[in-house]
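*Asks:* any chance you can model this:
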Amino acid sequence: MKNIPLLLLASALLLPLSAQAVPNLWSADSGQGVTEYRIANTEGSVFTVNCTGNPDEDNTLQHSVAVSPVGRQGVDSHFSTEVSIVVVIDDQQYGIPSSLGWRNADNAWFAFIGAIGSATQFDVYLNDQHVGAWEPRQKNVQKVLADIASCVTTHRE
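*Replies:* Model (predicted):
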C-alpha cells in the first residue's frame with residue numbers, strides 16, 4: 001500500500017511516452033481502479049486527469065491532475081504540492097487542490113470536473129506560468145469525457 005503513491009507518480013511522469021499520437025483528442029484508459037483521461041496538445045505537452053474508483057481520506061489514493069509540459073519535468077497535483085496548477089476554462093480559473101477530503105478542496109475539484117467535462121478549449125498554468133493550451137473537439141469531449149462526472153469525491157458540501 002505504501003508504494004501506491006510512488007507508482008502513481010511514476011506513471012504521471014511517464015505520460016508523455018504513452019500519449020496518443022493525435023493532438024487535442026482525449027483518450028481514456030482504466031486499470032486497477034484508476035481511470036486516466038489524457039490529452040496532448042499540438043506542442044506535445046500532456047494533460048491528464050486521474051480518477052480513482054475509491055478515493056480515501058488518508059491521502060493514499062486520490063483524484064489528481066498531471067501536467068507534462070514539453071521540455072520540463074512533469075507535475076502531479078497530489079505529489080507536487082510546491083507547484084500550483086491552475087486550469088483556465090471559459091475565462092474562469094480552476095485551482096487544482098493538492099489533496100482532497102476537506103470542503104474547500106472537494107468543492108474546487110467538483111467545479112473543475114464539471115467544467116473540464118464540457119470544455120473545448122483550456123489553458124494550463126504552473127506557478128502562474130502558461131505551459132500550454134488544449135482545444136479538443138466537442139464530439140470527442142462528449143464521447144470520451146461522458147462519465148468524468150463520476151470523478152468527484154463523496155465529501156462535497
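*Asks:* what is the burial count for G33?
*Replies:* 10 (other CB atoms under 10 Å). For the C-beta atoms, the positions are set from N, CA and C on the backbone; glycine is no exception.
*Asks:* now it: closest residue in space that isn't a chain neighbour?
*Replies:* In space, and not counting its chain neighbours, G33 is closest to G53: 4.1 Å by CB to CB, 6 or more residues apart in numbering.
*Asks:* that neighbour contacts V34, doesn't it?
*Replies:* Yes - G53 is in contact with V34 according to CB atoms under 8 Å; the separation is 7.1 Å.
*Asks:* of the two, who's got more company?
*Replies:* V34 (19 against 12).
*Asks:* can you list the buried residues in the lengthiest helix in the chain?
*Replies:* If each helix of the chain is counted by residues according to DSSP state H, the longest one is helix 103-116. Neighbour counts over helix 103-116 (16 or more other CB atoms under 10 Å) mark 105-106, 109-113, 115-116 as buried.
*Asks:* hang on, the earlier thing: contacting residues around the residue nearest to G33?
*Replies:* If you count contacts by CB atoms under 8 Å, 6 or more residues apart in numbering, G53 has them with 33-35.
*Asks:* ranges for the helices of this protein?
*Replies:* 4-13, 15-18, 103-116, 138-144.
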